[in-house]
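> Turn this into a model:
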Amino acid sequence: MRKAVIDKEKCKGCRLCVGVCPKKIIAIAKKGLNSKGFFPARLTDEKLCIGCAFCAIMCPDTAIEVIDEV
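I've put the predicted structure just below:
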């Protein structure tokens, strides 16, 4: 099973990943700024992630990685 993992420190909240997620489970955090002062993207429900990697491909900052879950 594959799943997306978002590096909150790399994310600048550009929202490109939000629009391409087919399951609509990525949102921008409403609180909890990262060290750069951005509200990062987050998965709203990790269990629904299908590991398609559309979000990782779209991310200009390589803040999203799709990993194999063990």
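
> Sketch out the helices for this structure, chain order is fine.
Under the criterion DSSP state H, the chain contains helices at 16-20, 54-58.

> possible to save those as JSON lines with distance to residue 38?
Using the backbone N, CA and C atoms, a C-beta is placed for each residue, glycine as well. Output for the helices of the chain, formatted as JSON lines (distance: least, C-beta to C-beta, whole Å):
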{"stretch": "helix 16-20", "distance to residue 38": "13"}
{"stretch": "helix 54-58", "distance to residue 38": "16"}
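
> I'd like to know which of those helices is closest to residue 66.
Distance to residue 66, taken as C-beta to C-beta, is lowest for helix 54-58 among the helices of the chain, at 5.1 Å.

> Packing partners of the closest one?
helix 16-20, strand 64-68 (3 or more C-beta pairs under 8 Å, 6 or more residues apart in numbering; DSSP states H and E).

> how close does residue 12 get to residue 1?
Distance of residue 12 to residue 1, given as C-beta to C-beta, to the nearest Å: 28 Å.

> In terms of neighbours, single out the busier of the two.
Comparing residue 12 with residue 1 by other C-beta atoms under 10 Å, the one with more neighbours is residue 12, at 16 against 10.

> Now do the contacts for the nearest residue to that one once chain neighbours are set aside.
Take residue 12 and drop its neighbours on the chain: the residue closest to it by C-beta to C-beta, 6 or more residues apart in numbering is residue 38, 4.6 Å away. Contact analysis of residue 38 by C-beta atoms under 8 Å, 6 or more residues apart in numbering lists 11, 12, 13.

> All set now, cheers.
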